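Visitor: Okay, sequence plus prediction incoming.
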Amino acid sequence: MTETRWLDAREAHLWESYRDAFRELTTELENRLIRNSGLSGADYALLHPLSTSEHGVLRTRDLGRSVGWERSRLSHQVSRMEKRGLVAREECASDARGSMVRLTDAGRAAIEAAAPDHVEAVRAYVFDKLTREEQDQLAELMDRVLAGLPAHDPCRVDDGTGDY
């Protein structure tokens, strides 16, 4: 067995700062979304890729992959949003085993109303704290960390149906 490579004080501080900043930033952005738009972070997470997709529709499995969610979580969230009229499920015309999620007019109105404040919050909490050079460095570093992670798709479970 190999010996554990414990974090030194500098590394531990960096890791804790990253972890805490991610947690607090996520919490504040979600609380602000709810307070200012009535949308949850989960609502926004699904509405955003739908609002930027062609015709406001995505295959369910592609929507799940875009947010990194498991099939069960995605299905429950889409059901909640469907009841509120933000999205609609449809059959996939090209594959009877698949399904589609479509942004409704109410969903588009909700994301369009929420997006300006959300973007302002991201700017205030992140981008305004960094110079352009620091933003470029951080992007490069995060891209490097992301590229070094094991390639996997946690959302894809091959159950033989070919889709979610």
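Guide: Good, I have the coordinates. Quick caveat: nothing in here was measured; it's all calculated off a predicted structure. Numbering: from 1, shown residues only.
Visitor: can we go C-alpha only for contacts and neighbour counts from here?
Guide: Noted.
Visitor: Could you name the helices and strands sitting against the longest helix belonging to the chain?
Guide: Taking DSSP state H as the criterion, the chain has its longest helix at helix 9-37. On a contact count with 3 or more CA pairs under 8 Å, 6 or more residues apart in numbering; DSSP states H and E, helix 9-37 meets helix 41-52, helix 105-125.
Visitor: Quick check: next helix or strand after the longest one?
Guide: Next helix or strand after helix 105-125 toward the C-terminus (DSSP states H and E): helix 132-147.
Visitor: same deal with the first one?
Guide: Tracing the chain past helix 41-52, the next element assigned as helix or strand by DSSP H and E is strand 57-59.
Visitor: what residue ranges in the protein score low on pLDDT?
Guide: Of all residues in the chain, those with pLDDT under 70 make up the ranges 96, 152-164.
Visitor: The nearest residue to Arg59 once chain neighbours are set aside pairs with what?
Guide: Closest residue to Arg59 in three dimensions, ignoring its sequence neighbours and counting by CA to CA, 6 or more residues apart in numbering: Met100, at 4.3 Å. Beta bridges link Met100 to Arg59, Glu90, judged by DSSP bridges.
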